[in-house]
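Participant: can you look at this prediction? I've put the sequence above it.
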Amino acid sequence: MFGSAIGPLIMPITTAFKTEIERISILDEHGNFDESLGKDLIPNADLVRLYEAMSACRFLDEVAFKLQRSGRMGTYPQNMGQEAPSLGAAYVLTKNDWLVTCYRENCGLFWRGVPMESILMHWMGDERGNAIPRELHCTPIAIPIGTQMLHATGLAWASKYRSEPHIACTFFGDGATSEGDFHEACNFAANLEIPVIFFCQNNFWAISVPGKIQCSAPTLAQRGIAYGMPCIQIDGNDIFAVVYAVKKAAAYTRATSKPYFIEAVTYRLADHTTADDARRYRDQAEVDIWKQRDPLIRTRDLMKKRKLWNDSKESDLQERLGKEIAAAVARAEGIAAPDRTDFFNYMYSELPSDLIRQRETMHTHSLGQDPSQLPAGAAMPTATAH
Amino acid sequence: MSVRMIEYREALREAMSEEMRRDKRVMLLGEEVAQYNGAYKVSRGMLDEFGARRVIDTPISESGFAGMAIGAAMLGLRPIVEFMSWSFSLVAADPILNNAPKMLYMSGGQFGCPIVFRGNDGAGGQLGSTHSWCVEGLFSNVPGLKMAIPSNPYDAKGLLKTAIRDDDPVFFLESERMLAAKGEVPEAEYLIPFGQARVCRVGTDCTIASWGRPVHFAVDAAEQLAKEGISCEVIDMRTVRPLDIGSVVRSVKKTGCLVVADQSWSFGSPGSELAAQVHQHCFDDLDHYVVRVHSADVPTPYAQNLEAEYLPNARRICEAVRVVTYNT
């Protein structure tokens, strides 16, 4: 073929790889609804429940903020504006699929069945809030950025190993996609064929660090391409788009045992946490634009358009939520403080003798180091020769 | 059943294979553990026996497979994670220190982490400082984990089987320098419980406590000192978390002095912990303060002679024993 009679060889110009990132929006901020994608996606009765769940999360957020400001809670990260992504995922996934969250997924956790007081207790500084019952298939809230993505990959891997049909869905922010753990988790999941949905909540700000410092590519979704994953970008404030994407991702992941990447474009309407003041680094004009894109507003407007909702139902809901959340706060604040020896209880599957001694002597200066605190004959096992 | 002479690496392999036959939840993962039979051939033949589902070649990302093993363990599997060298575990610090040892605690008892992290520890023989990490000083400080450092094939097998059955994360520290060392290992099954030191040489004048490879330095020193008329009792701690302080205390009450041979750096090490505890328990029994023989406070040297000099070698242990027994 080289230099044939046809003429001199011209090296063909080829493309090794070509792609595009699909962006899904079904219910936009102006109330436009894409019937082709959105029809029958969420039954009306469910839509009302989803709206109520978002409203509950929002209400709790406001209560938690006030609790923090009045000294009744530690630092708290508000979820405001980001209710839809985790909720849509929890709505679509089965109860045995893992939700591996960081700290702005309250709405999905509540939908799954995590009691509100657990989340309140966690942020009030009570570790018992993280003791989420195993049957809910939610992991403890992960505060270090990114570590939970590897846990999700391991959970899904174990699930596959045990021939269970369950998948894992892990949540993380735009900032976390700069972490090595993100890339290692994606690489593992793709190469070892592990059924994980990587669900990025791109809220534009990692505390004060803007997205452009995390990623110079036009989308975060395309980060998944490098690992051979299908990727999709969605309007994260559109519960329909979230449900659409998670259904698609879950079906793919379950069928192929391969990972899927979702980038939900959303916005953190509040400060990073109650310890932050976002006014110092972002423009109010930007915040105002995103307030118009609030997931609650557009869902409520659609429900009104469909005659599912009215002002009186709204005020009834707010009244009911006020009572429910006040009760949850009362339960969280009413629980007796942990016993001062409690922190030893979950250190090991079986507490070793030196920790038993520390527990028994923690009222003393020495925490069990004083030899006189040794029970006679105890903690001095016999050395054995073989 | 008979007793055979097998290599340390074979003992490790037998432990893993036996436990994998016994328990389907156990699996091995790490770089090169499957197709290549392990960088140090510890897992030779295991892929053939157990298949790629249970002996898993991972991408080169320690944080990745350590973190993934945590997720798998949370769901009830029992992964064995091979780090090749503990030096490489440093890039996995977050999963192995910040997650695994505290997952049970932070989940209020919901999720344990029954994982064995294993690999070569300490100077491997002119590997240079970045590949010669001795991690027991760093990692044993963390509550929630257990740490075994076997010095011989018999202990390697018995302790690794115990580690795999343990419900908590176990850091299992091997030594490249001992992988080919042979020792007696019975064919019959046995387990060695954690927290039980072994008196490997009985003596009356001085106690030498050590673990891992320096146990051999201590035994060499004891033989040398015997010729000088100093009788040493050598105790192999086997595990540093839990630490069998009782065995050391009993021995020190007999000998009246203690030398600790520890290949980690001296500041905040298992050796300093052992010394502190012995001072607490044997204050009135000691004829001399406890002397610790550590590696020098410098990165592990590359040059052969310097590496040998840097370690807590027999010569320095001998000198320490002469000091504490007033035989200088």
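Facilitator: The structure has been received and is ready for your questions. Numbering: from 1, shown residues only, chains lettered A, B, ... in the order given.
Participant: mind showing which ranges of the chain have poor pLDDT?
Facilitator: You didn't pick a chain, so chain A it is. Across chain A, the ranges flagged by pLDDT under 70 are A:1-9, A:374-386.
Participant: ah, I was thinking of chain B
Facilitator: By pLDDT under 70, the low-scoring segments of chain B are B:1.
Participant: mind listing what B:A148 touches?
Facilitator: By C-beta atoms under 8 Å, 6 or more residues apart in numbering or on different chains, the residues touching B:A148 are B:L159, B:L160, B:T162, B:A163, B:V170, B:F171, B:F172, B:L173, B:F194, B:R238, B:T239. Backbone N, C-alpha and C define where each C-beta goes, glycine included.
Participant: that one and B:S247, how far apart?
Facilitator: Plainly put, B:A148 is 15 Å away from B:S247 if you go by C-beta to C-beta, to the nearest Å.
Participant: which residues of chain A fall in helices?
Facilitator: A:35-38, A:44-69, A:83-92, A:106-112, A:116-123, A:147-161, A:180-191, A:211-214, A:239-256, A:284-292, A:295-305, A:311-334, A:353-360 (DSSP state H).
Participant: of all those, which lies closest to chain B?
Facilitator: Closest to chain B of the helices of chain A is helix A:147-161 (C-beta to the nearest C-beta; 2.2 Å).
Participant: so which elements touch the closest one?
Facilitator: Under the contact criterion of 3 or more C-beta pairs under 8 Å, 6 or more residues apart in numbering or on different chains; DSSP states H and E, helix A:147-161 touches strand A:98-100, strand A:168-173, helix A:180-191, strand A:196-202, helix B:62-74.
Participant: and the angle from it to helix A:239-256?
Facilitator: Interaxial angle of helix A:147-161 relative to helix A:239-256 (axes from the mean of the first three to the mean of the last three C-alpha atoms, to 10 degrees): 40 degrees.
Participant: render the CA-only coordinates of helix A:147-161 in PDB, please.
Facilitator: Listed next in PDB are the C-alpha coordinates belonging to helix A:147-161 (Å, rounded to 0.1, in the frame of the first residue of the first chain):
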ATOM      1  CA  THR A 147     -12.200   9.800  51.400                       C
ATOM      2  CA  GLN A 148     -15.700   8.500  51.100                       C
ATOM      3  CA  MET A 149     -15.400   7.900  47.400                       C
ATOM      4  CA  LEU A 150     -13.000   5.100  48.000                       C
ATOM      5  CA  HIS A 151     -15.200   3.600  50.700                       C
ATOM      6  CA  ALA A 152     -18.100   3.600  48.200                       C
ATOM      7  CA  THR A 153     -15.900   1.800  45.700                       C
ATOM      8  CA  GLY A 154     -15.000  -0.800  48.300                       C
ATOM      9  CA  LEU A 155     -18.600  -1.200  49.400                       C
ATOM     10  CA  ALA A 156     -19.800  -1.700  45.800                       C
ATOM     11  CA  TRP A 157     -16.900  -4.000  45.200                       C
ATOM     12  CA  ALA A 158     -17.800  -6.100  48.200                       C
ATOM     13  CA  SER A 159     -21.400  -6.100  47.100                       C
ATOM     14  CA  LYS A 160     -20.400  -7.400  43.700                       C
ATOM     15  CA  TYR A 161     -18.100 -10.000  45.300                       C
END
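Participant: domain-wise, how is the chain divided?
Facilitator: No chain was given, so I picked chain A. Structurally, chain A divides into domains by automatic domain parsing as follows: A:22-334, A:346-386.
Participant: please refer instead to chain B.
Facilitator: Following automatic domain parsing, chain B resolves into domains at B:3-186, B:198-326.
Participant: what about the first one, start to end distance?
Facilitator: Just to be clear, that refers to domain B:3-186. Length of domain B:3-186, first residue to last, C-alpha to C-alpha, to the nearest Å: 4 Å.
Participant: including distance to A:F65, could the domains of chain B go into CSV?
Facilitator: Below are these laid out as CSV (distance: least, C-beta to C-beta, whole Å):
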stretch, distance to A:F65
domain B:3-186, 25
domain B:198-326, 42
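Participant: wait, which of those is closest to A:D288?
Facilitator: domain B:3-186 (38.0 Å; C-beta to C-beta).
Participant: quick check: the residue of the stretch 1-150 of chain B nearest chain A.
Facilitator: B:G71 (2.2 Å).
Participant: other SSEs contacting whichever strand in chain B runs longest?
Facilitator: What stands out as the longest strand in chain B, according to DSSP state E, is strand B:78-85. Secondary-structure packing of strand B:78-85 (3+ C-beta pairs under 8 Å, 6+ apart): strand B:26-30, helix B:62-74, strand B:116-120.
Participant: out of the ones you listed, deepest packed?
Facilitator: helix B:62-74 (a mean of 29; mean count of other C-beta atoms under 10 Å in any protein chain shown).
Participant: distance check, A:D40 against chain B.
Facilitator: Distance of A:D40 to chain B, computed by C-beta to the nearest C-beta, to the nearest Å: 34 Å.
Participant: out of the helices and strands packed on strand B:78-85, the one nearest B:V55 is which?
Facilitator: B:V55 sits nearest to strand B:26-30 of all the helices and strands packed on strand B:78-85, at 5.1 Å, using C-beta to C-beta.
Participant: would TSV of the helices and strands packed on helix A:147-161 with distance to B:S129 be doable?
Facilitator: Shown next, in TSV, are the helices and strands packed on helix A:147-161 (distance: least, C-beta to C-beta, whole Å):
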stretch	distance to B:S129
strand A:98-100	37
strand A:168-173	35
helix A:180-191	23
strand A:196-202	37
helix B:62-74	18
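Participant: among these, which comes closest to A:A16?
Facilitator: Closest to A:A16 of these, according to C-beta to C-beta: helix A:180-191, at 17.9 Å.
Participant: buried residues in the closest one?
Facilitator: Residues of helix A:180-191 classed as buried: A:D181, A:F182, A:H183, A:E184, A:A185, A:C186, A:N187, A:F188, A:A189, A:A190 (neighbour count, 16 or more other C-beta atoms under 10 Å in any protein chain shown).
Participant: can you give me the end-to-end span of stretch A:62-79?
Facilitator: Termini of stretch A:62-79 sit 10 Å apart (C-alpha to C-alpha).
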